[in-house]
Structures are given as C-alpha cells and as structure tokens.
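J.: Sequence plus predicted model, see below.
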Amino acid sequence: MSGSLNITSATVDPALLDLPWQLPLDEWPVENIALLPKGISRHLVRFAHLSAHVIAIKETTDEMAKREYAMLRTLQGLDIPCVDPLAVITNRSDVNDTPLNSVLVTRHLKFSLPYRALFSQTLRPDTATRLVDALAVLLVRLHIIGFFWGDVSLSNTLFRRDAGAFAAYLVDAETGQLYTGGLSNGQRENDLEIARVNIAGELMDLEAGGRVADELDPIRISDGIVAAYRSLWKELTGSESFSSSERWRINERVDRLNDLGFDIEELAIKTDDSGTTVRIQPKVVDAGHHQRRLLRLTGLDTGENQARRLLNDLDSYTAKFGRKDYDEEMLAHEWLAKVFEPVMRSIPRDLKGKLEPAEVFHQLLEHRWFMSQQENRDIPLSEALNAYINDILRHRRDEATVMGPPTGVITLPIAVQSGAVSDDDDESTEEAPTEPVPDWRLTV
Amino acid sequence: MASVTFDHASRLYPGSTRPAVDQLNLETADGEFLVLVGPSGCGKSTSLRMLAGLEEVNSGNIFIGERNVTDVPPKDRDIAMVFQNYALYPHMTVAENMGFALKIAGINKDERASRVLEAAKLLDLEPYLGRKPKALSGGQRQRVAMGRAIVRQPQVFLMDEPLSNLDAKLRVQTRTQIASLVRRLGVTTVYVTHDQTEALTMGDRIAVLKDGLLQQVGTPRDLYEKPANIFVAGFIGSPAMNLFVAEVVDGGVQFGTSVIPVERELLSSVNAKTVTIGVRPEDIVVSSAFGEGLPVDIDLIEELGADGYLYGHADISGKRTDLVTRVDGRVHPNAGEKVYLTAKPGHLHLFNNESGERIGNKPVVTA
C-alpha cells in the first residue's frame, strides 16, 4: 500500500494497523475474516478478528463513514444502547495506488445476537413479540433524545438476552439524524410506519424460507410495535391531571415508570389558579432504573430485566438474612460474595461462553422454580445449579460471539461484485436462474 | 397523480430566530419532475420533509392536488419516499418483494397481482417475477426496490439525495435511470440534491433555495441563461460563472482596457456607476490583439480533450479576482503566461451591486 492511511479512533488498538487495509474488503483472506455475512448489505459488511474481539467492518464513502462514526459516538454519549464505534479508516489504496473505499469499524457486542440467530428452527410468535417489544423500547428511547432513525428494522438491531426478555441495540445509524429540538409527531409516526413495514417484510421473508411457526402472523406481530411504542411513549411523556387531594398519584406515576425501568429526572408539576387541580408531566426520563440500583449495590453491570431479577433475589436474601444493624450495601455485598459469585465460579470454564453471567443466574433461578414445581419441595440453589449446568447450559450453543448477517436482507448492492459474499442460509434450495420458474401469481 | 403546492409555507425550528424555510411559494405541475437544489442549510430538505409530513408547518399550507395536507399524518398523504428503504428479502420472489407492502395495507390478492404485473412491465422485470432477488443483477435489484414504491401508486414520489451514497460512476448511471423511469411513469416527483449538475440533468424545473428563501424557479435553461440574481448565477453552471464588479461607461462596461458594448436599453436601467457583471467561461475569449481586454495571469490549464479550461487571475479595482475561461483543448496558451481576455458582446449578465438582482429580463444565450 502506498500513501498514508488515516485512522480516526478514540481508543486505538495497534492491531488495527495489521489488518490488510490495502485489499478491498471482499478480497480479505480467510484468516482475517470471522465469518462471511449471509446477506448483501447496502454496503459490504464483514466481520474480522481484532485482538480478542470481533469487529464489523463496513465499506462505505468517506463522508458516510465519518458521519456514522460521529453519530454512534454521540448516541453512546447519550446512553443509547448501540454498537461500539471503533474507528474510521480513510485514504485507503491498493498496491497499484487505486483508491479504496473508506471503512467504518465497530466492535461486535459480546452476547448480542442478530434476530435470525435467536431461534434454532422456527420463530415462535412469543419470541417474535418479545423482539418487537424490545425494539419498541429502543425506538422510544431514541425518539426521546430526538433521534430519527429512518430505517427501523429487526435487521438493523442486535438483541441481548435480558432475563426472559430481550434488550435491543442499534446497529446501523447510517440513515439517522439527531434533532436537538426534538422530533415532530410526523417524524415519529414515519419511523413507526417504517418499522411496521420492515418487520412485516422480515417476518414474511422468514415465512417464505419456512422459518416461522405456522401460527405466526407477520402482520399481527409487526402491528404489535405500534401498540407497544404508543403505550410506552404515553407513559413516559404523557401529562395527567388530578385533584390536589389525590397527590399520591404523583408517587404512583413515579413507581409505574420505575417498574417500566425508567427514572424520572425532571417532572413538571403545575397547579391551576384555584389550586384544586394538579397536572404532571415527566420532562426528562432516564432508562435503566434497576440497572443503576444493581450497579450501585453490587458493581454488576447487566441488562435492565436481569437487574430486576437479581435485585428480586437480593431482596429475598435481605428478607431472610437481614438484620437491623445491616444496611442495604452491606447485605448486597454479602449476597454477592455468598450467592452470586459462588454460582459464577461453579460454571465450568468451557461453558462460560454460553451466556452472560447475569443471564446464567436468571436461568438458574428459573430452573430452580421449575424443579420446585415438579418436585413439590424447596430446592437448594446448589442442587438446582448442578442440574442446570448438566441439563441445560451444557446443551446450549456459545452465544458470546455468534455472528450473523449485519442485515438479514439483500439490499441494493453498491459496487459489490456479484458473488463476493455468500448468500443466505438456504442457498442450496434456491432455483438457478435458468431453471423453470414457478408462476409468481402463486406467491404474491 | 397530482400537483404539489407550497403556499406561503414556513418552518421555524424551536429556539431559532430565522426560519429554515421562509414563506415558500412553489407549484409543481401534475407529472412534473421538480428538483430542489441549494447549498447545505438552504432549506431544501426541510421543504421536502414538510411535504412528507415529517416537519411541522408553522405557517402557510401544503396541497397535494386539491387536498390540503398540512395537518395530515405522513402515511395518509399518498406519497412515497423512494429509496428510503432499500431492503430486498432473499427468500421472497421478486413479485413478493414488490407486493408485500400492499398485503400489509390489506389489498386483496387479485389487485396485488395486477399492480405488481403493471409495475413489473414498466420496469422490465416481468420475466423475473418468480425469481429470487439473488438471481438478479444489481440494476434489476435497484428496479425491484423502485417497484416497491410504484405498486403503491402514490400521487407523488419524494427523493432526498438518493444518490449521495453512491460512488461517482454509479451516481451518473443511476441518475439517468431515475430520470428516464420517472418520466415513463409520469408521477409527480420532488427531488432534493445539493449538486447543481444533478439538478440540471434531471429536472423538468429547478427551484434554487438559499437561507430558507426561494431564489428562482425555472427550467434548467432558464436558470442557466437568465439567472435571477448573483447567487443563482454563481451556483448554477460548472465551472461557475465569472462574476466581478465593473465600471459603467458610455455604451457599455469597462473590461480591462476595452469596453464591452451593452444595449442602450439595458444600460439605461443601471442607476449606478458600477455593476456586477457575470460572464460564463464559454463566453470569454482570449483577445487576438495583445493589450486589448482584461490582463490575466494564467495559473493553470486544465485539458479535457477537445476543450480545456484556463484558470487565471486578474487585478480588478485593486482586488485579485480569479477567472476561468474555456479554451481549445489542443491550441491554448500555457500556465505562467499573461493573456488578455475579452467577453463576447451580448453575452454579459448584469446584476445590481447592492441587491444582487438581475438587471434586464432578456436571456443570455451562451456559446
């Protein structure tokens, strides 16, 4: 490679320099590539190894790489769950000095999964609903900070298991824009409509590939995002009025938001001239109510629902062993040392990549409940732990670095050579172009 | 299909004192391809988003056909944002990819099939309807994506810098494809770009915006031959028009050592001692007589085969002024030399120094 290479990065990993930037991404040698993406993206995206991590590399224009990098950094700063932008590399050229596209490098989130990797055979309606619910929470959070996404879809999201639910992470900010004055209703509605159509399309595509359960109705599931979004939006931003004698309703609203996983940072309270009516409206809300409490008490950084689950166990521990002279922090420390950490230490090394620690703990509690129901007795945690490791955990696949397509769809190729990327999972079953084509009227 | 009308439409962002779009009055005829063009921050994208329903209209109205859509939600406006979503689904046939949004909208199977077939014929995709996108070429995939918008039979297509993420070669190809396809379909289209070449090559008419204000609207030829003000004169055309202040003298304007004649009628409407003159690179010639015209030091000659461009600078009223002129690609002076340039009579654009407005209404037909 002649000429210089420009790397813009907040935290430079020197190993970044060793990657073969002088080659077009579609010609990178196998030893660098973590796994071929299954779809063709709007831009070419491939996963590669960097030190101990897996990174996603997107070839795009100089301007767009820089813009998306800056956008992801801004979103991170605003505490939005999104992929970790690592670097922008510009000024690339090959050995003959032919200029190559710039790239955006993001870090693959550990234990995060593309939606297509979240089920083994077919997608069941309840899993699909949980995915859509997670996406609705992400979309509300983005809209609250004034981010118009423009391409909301399951494919542009990664999911982490979160104690029976999912937490959604934004992957692709290419079409997004941040409006400091907030979003108009029209912008929010448009994002919702884009989400509804994209989700339906993605589910219909799975259906066409025979990968959804018979009872799953793509349109009904995709409509679900609208309802989930609206109810959360209303709860987080809506105003309510009540008589001043019902002031307990302020606490009730705060509790309701806490249950949903949000803290109110700023609440507008107005009384009318006569002082008989009170009107309240949350002005600033912050996601991660349970996460923050768990982090403060134990130092554990988990998903919101995982935190809720762990806090429940901590609360029952406190109820059982708590003494008057012990404060909450001391008991939390004791719970961590006597309950949580011994469980984590008991997980055999070769099984540690299966699930996140907090998710393991959640599943263990689930399993203990299940065993107790079956055997009609209290099961000690240690007994449940052995059964869980041998009967459940051992048979799961590793999810620490499961990779799949950055998008689950074929999108418009931009100067991507045909055949440069392998296609989707049922490639072998697709008919060759020269074979007789079935009547399209049967499929539309 | 329908016309689109902005009627005194304004958008003021909260906390801002200057409107992003200020009292926009603009009409697009049924079936017309209108391009909104201007530099970054001029209000072109905001105008498009107002039409799409993504931005609030603080005052004024927007009509699609006879219908006032100012307060109508985006999805009920009967518009399609083309290229907003590029997704093609690998397991679905081309027909399914084109028609699935109709299924979501609850349109029955027969109607879906007929609309898909109609769109496929327009897009030359009929033979591929039963195939998967994988079996298509890049261009065909692009047409399928377009098909998704067409089957909805919207009244208006909206496109916001759809080519901005393509490399230069593909941009030119796709530009031609979009322009010809939209004309075949005859759907009213509003297209936003910052690139004046894109605007000139694609639009039936072009609206030039700056600082939220409409500067001029007209056909590409109108804008090129009769720019309404100094801004449009400098913005439309590449290389840009040469613009500088010149002294008004008897019978014309001073151009270095010579006087370029200006029609008496036009000259009489100039009420000042100086005027801003504009002259396109193709309307400036190297004087055959050394010493006649504007003395220019040549900085660079850009050879483009048959043609070339001479880039140089002159001292005009004590100010260094850059100039560019078209020259023969084979026979031309060289960098470092001094030449005298003169403008072709009848090819001068005159602008008021203070207001920047064009003086005289006659188009200047360039060489």
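T.: Received, thanks.
J.: Can you pull out the low-pLDDT segments for the stretch 51-200 of chain A?
T.: By pLDDT under 70, the low-scoring segments of the stretch 51-200 of chain A are A:120.
J.: hmm, 50 instead?
T.: Within the stretch 51-200 of chain A, no stretch falls below the threshold (pLDDT under 50).
J.: Break down it into its helices, ranges please.
T.: Per DSSP state H, counting those that start in this stretch, the stretch 51-200 of chain A carries helices over the ranges A:62-77, A:125-144, A:185-208.
J.: Rebuild these as CSV, extending it with mean neighbour count and distance to chain B.
T.: C-beta: built from backbone N, CA, C; applies to glycine. Output for the helices of the stretch 51-200 of chain A, formatted as CSV (neighbours: other C-beta atoms under 10 Å in any protein chain shown; distance: least, C-beta to the nearest C-beta, whole Å):
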stretch, mean neighbour count, distance to chain B
helix A:62-77, 18, 6
helix A:125-144, 22, 13
helix A:185-208, 22, 4
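J.: which residue does the stretch 201-350 of chain B bring closest to chain A?
T.: Residue nearest to chain A within the stretch 201-350 of chain B: residue B:212 (15.7 Å; C-beta to the nearest C-beta).
J.: That residue: neighbour count?
T.: 22 (other C-beta atoms under 10 Å in any protein chain shown).
J.: Contacts only, for residue B:153.
T.: residue B:115 (C-beta atoms under 8 Å, 6 or more residues apart in numbering or on different chains).
J.: Which segments of the chain make up each domain?
T.: No chain in the question, so chain A it is. Following automatic domain parsing, one finds the domains of chain A at A:6-108, A:113-237, A:240-287, A:290-441.
J.: actually chain B
T.: B:4-228, B:231-351 (the TED database).
J.: for the shortest one, how far is the first residue from the last?
T.: In this case it means domain B:231-351. 10 Å (C-alpha to C-alpha, to the nearest Å).
J.: quick one: average confidence on that domain?
T.: The average pLDDT for domain B:231-351 rounds to 93.
J.: coming back round to it: so which of the domains of chain A comes closest to residue B:139?
T.: Smallest distance to residue B:139 across the domains of chain A (C-beta to C-beta): 9.7 Å, for domain A:290-441.
J.: sorry, back to before: most tightly surrounded among the domains of chain A?
T.: Ranked by mean neighbour count, the domains of chain A are led by domain A:113-237 with a mean of 20 (mean count of other C-beta atoms under 10 Å in any protein chain shown).
J.: Now for residue B:361: which residues touch it?
T.: Neighbouring residues of residue B:361 by C-beta under 8 Å, 6+ apart: residue B:226.
J.: Backbone dihedrals for the residue nearest to residue A:141 when sequence neighbours are not counted, both of them.
T.: Distances taken as C-beta to C-beta, 6 or more residues apart in numbering or on different chains put residue A:287 closest to residue A:141, at 5.6 Å, once the chain neighbours are dropped. Main-chain dihedrals, residue A:287, degrees, to the nearest 10: phi -70, psi 160.
J.: Test of understanding: give the bridge partners of residue A:287.
T.: residue A:262 (DSSP bridges).
J.: which residues does it contact?
T.: Taking C-beta under 8 Å, 6+ apart, we find residue A:287 in contact with A:79, A:137, A:141, A:261-262, A:304.
J.: cool, and residue B:119?
T.: B:98, B:125, B:147, B:150-151.
J.: Mind doing that once more with 10 Å?
T.: B:95, B:98-99, B:125-126, B:143-144, B:146-153, B:185 (C-beta atoms under 10 Å, 6 or more residues apart in numbering or on different chains).
J.: quick check, it in a helix?
T.: Yes - applying DSSP: H, G, I helix; E, B strand; the rest coil, one finds residue B:119 inside a helix.
J.: if I look at it, how far off is chain A?
T.: Using C-beta to the nearest C-beta, to the nearest Å, one obtains 11 Å as the distance from residue B:119 to chain A.
J.: what does residue B:189 give?
T.: Taken as C-beta to the nearest C-beta, the span from residue B:189 to chain A is 19 Å.
J.: So that residue sits against residue B:4, correct?
T.: Yes - Residue B:189 lies in contact with residue B:4 (C-beta atoms under 10 Å); the separation is 9.5 Å.
J.: Those two: who's more crowded?
T.: residue B:189 (27 against 24).
J.: Excluding chain neighbours, give the residue nearest to the more buried one in space.
T.: residue B:157 (4.4 Å).
J.: beta partners of the one you found?
T.: With DSSP bridges as the rule, residue B:157 is bridged to residue B:80, residue B:189.
J.: Kindly report the same for residue A:82.
T.: Beta-bridge partners of residue A:82, as defined by DSSP bridges: residue A:170.
J.: distance of it from residue A:16?
T.: As for residue A:82, its distance to residue A:16 is 20 Å (criterion: C-beta to C-beta, to the nearest Å).
J.: list the contacts for the residue of the stretch 201-350 of chain B closest to chain A?
T.: Per C-beta under 10 Å, 6+ apart, neighbours of residue B:212: B:10-12, B:18-24, B:38, B:41-44, B:46-47.
J.: Could you rerun that using 8 Å?
T.: Neighbouring residues of residue B:212 by C-beta under 8 Å, 6+ apart: B:18-22, B:42-43, B:46.
J.: got it, and residue B:13?
T.: A:181, B:20.
J.: What strand or helix carries it?
T.: Taking DSSP states H and E as the definition, residue B:13 sits outside all helices and strands.
J.: and what of the one 4 residues further on?
T.: For residue B:17, there is no host helix or strand (DSSP H and E).
J.: Assign the residue of the stretch 251-400 of chain A found nearest chain B to helix, strand or coil.
T.: Nearest to chain B in the stretch 251-400 of chain A, going by C-beta to the nearest C-beta, is residue A:283, at a distance of 14.7 Å. Under three-state DSSP, residue A:283 falls in the strand class.
J.: Surely residue B:257 and residue B:289 touch.
T.: No - checked against C-beta atoms under 8 Å, the pair residue B:257 and residue B:289 is beyond contact range at 10.0 Å.
J.: Common neighbours of the two, please.
T.: residue B:340.
J.: So which of those two has more stuff around it?
T.: residue B:257 (13 against 9).
J.: now the more buried one: how far from residue B:286?
T.: 14 Å.
J.: So which of the helices of the stretch 51-200 of chain A is nearest residue B:163?
T.: helix A:62-77 (12.5 Å).
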